[in-house]
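Visitor: For reference, the sequence and a predicted model appear below.
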Amino acid sequence: MSPGESAKIDFVAALRRLPGPLGETNVVVFEHGSLVIKLSQLRGVDCQQPHSRDEIYFVAQGSGEFVSGASRQSFAPKDVLFAAAGIEHRFENFTEDFAVWVIFYGPEGGEADPD
């Protein structure tokens with residue numbers, strides 16, 4: 001991608017790429033600098049481990065519960081969820097159609113909180 005170039009990420013086109021050829025539940029759809037955007041469509045149980053970078057989730061479709069640290073919150077389409085680097089988090093009790101945009105950004109170890 002060239003500097004100043006714009007991009008459109010098509011949900012339906014990205015969703016058609018899942019599951020991946022080896023059963024992958026997420027696909028990278030865009031990268032620029034520290035920014036990585038994926039589309040994820042989980043099946044069954046979410047077994048993810050804490051990540052080394054901060055994450056933002058944009059719920060595209062479906063509903064369920066997001067567990068992050070000691071917090072549990074219901075989610076639905078159009079909700080935005082945040083998971084700080086290194087914090088255990090997962091999706092539970094999600095519907096079969098659940099799909100979420102996953103945005104990784106910033107440095108390893110996560111952004112520093114302002115003082």
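Guide: Everything's here; your move. Keep in mind that what you see is a predicted model, and the values were worked out from it rather than measured.

Visitor: For Cys47, which non-adjacent residue is closest in space?
Guide: Nearest residue to Cys47, sequence neighbours excluded (C-beta to C-beta, 6 or more residues apart in numbering): Arg90, at 7.7 Å. Any C-beta I mention is one placed from the backbone N, CA and C, and that applies to glycine too.

Visitor: Pairing-wise in the sheet, spell out the partners of that neighbour.
Guide: Following DSSP bridges, Arg90 is listed with bridge partners Val67.

Visitor: can you count the residues close to it?
Guide: Arg90: 17 surrounding residues under other C-beta atoms under 10 Å.

Visitor: residues touching it, list them.
Guide: Applying C-beta atoms under 8 Å, 6 or more residues apart in numbering to Arg90 gives the contacts 46-48, 66-67.

Visitor: Strands of the protein, residue ranges please.
Guide: Using DSSP state E, the strands of the chain run over residues 26-32, 35-40, 54-61, 64-68, 71-75, 80-83, 89-92, 99-105.

Visitor: in the protein, which ranges drop under the pLDDT threshold?
Guide: 1-4, 115 (pLDDT under 70).

Visitor: how close does the residue positioned nearest the centre of it sit to Glu111?
Guide: Centroid-nearest residue in the chain: Val102, 2.1 Å away (criterion: C-alpha atoms, centre = their mean). Distance of Val102 to Glu111, computed by C-beta to C-beta, to the nearest Å: 17 Å.
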